[in-house]
Each structure stands twice: as C-alpha cells, then as structure tokens.
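**Q** Curious how this folds, go ahead:
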Amino acid sequence: MNSLAILKRIFYPNTNTVKSAWSAAVNSCYSSSILALNRLLFGTVWLSTPQPIGPGLAQIGVGFFYILMAFLAFRRSRIACVIILLFSVIEVLIEVLFVIIIRNEIRLSFFIVLISLVLAFGGFRGANAIFSHYKNSNSKT
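**A** Modelled structure (predicted):
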C-alpha cells in the first residue's frame, strides 16, 4: 500500500460502506487506549516521586475512565466516541496550554495526545457513518 494512502486512511478514514465505517469507528477505541496508557503511565511515575499522592491518583483515575470509554467504544457506543473526541481535544488543549505555552517545551506526551486526537476524529467519523448507514437502510424499508 502507498504511504500516502496509509496516511489518508489514518487522518481521514473511508466510511462509504458499513464495513469501512466499522473499521474507522474502532479508531476511537485505539485513541482511548492510548490516552489511558498515557495517563496510567504518568500517574504511576508521579506516585513513585516523593510529592503528594493526590495528583498521581487523579491521573490514574482519569486513566481508568479512559479504559471504560475504550471498552464502550469497542462495544460500538456512539456516545463513547463523542466523549473520547471531546476529551482528546481537551487533552491537546491542556498539553498546549500548560506545557508548550507556560513551560515553553515540547514533551513526548504532546505527540501521544496528538496521535490520539487524530484517531479519535477518525473514530467519530466512523461512528457517525455507521449511524447514517443504518438510518438510511431502515428508512428504505
């Protein structure tokens, strides 16, 4: 497969058939799994430092929330895909505001969250395409 075709499939997945829409909707599950692993990893690292445990526990709690959203996205929940997209946008805004603007540095976490945002957008497109395919198939009968 052409590398440009692979990039197009990641950034703007094909959703004109039901099968391709299902495969695009799975991107939300991948996105939420990436966000969960990111939060759980950094929360665990934060707990291992001699700082207060509150922020580390909050990171781990958000990580478990992302695990729940990944499970719901895997179970084909359109609402979970929307929530994952919204939280991915919030994560990118947090990284841009607190890390890039205030600290004036770019960390690995920013790129992880950016990849998650791209996958969440593709999953959102797939979930909406599935809904429209089923809506169109039910209206014809």
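**Q** Quick check: buried residues in the helix or strand hosting A129?
**A** Element membership for A129, per DSSP states H and E: helix 108-139. Neighbour counts over helix 108-139 (16 or more other C-beta atoms under 10 Å) mark 109-110, 112-113, 115-117, 119-130, 133 as buried. (Each C-beta comes from the backbone N, C-alpha and C, glycine too.)
**Q** just stretch 98-108 next, same as before
**A** Quick answer for stretch 98-108 (16+ other C-beta under 10 Å): V99.
**Q** Could you tell me the end-to-end distance of that stretch?
**A** From its first residue to its last, stretch 98-108 covers 14 Å (C-alpha to C-alpha, to the nearest Å).
**Q** now it: how far from the chain's centre is it?
**A** 21 Å (C-alpha atoms, centre = their mean, to the nearest Å).
**Q** Pull the contacting residues for the most centrally placed residue in the chain.
**A** Centroid-nearest residue in the chain, with C-alpha atoms, centre = their mean: S31, separated by 2.9 Å. Going by C-beta atoms under 8 Å, 6 or more residues apart in numbering, S31 touches I84, S88, S116, L117, L119, A120, G123.
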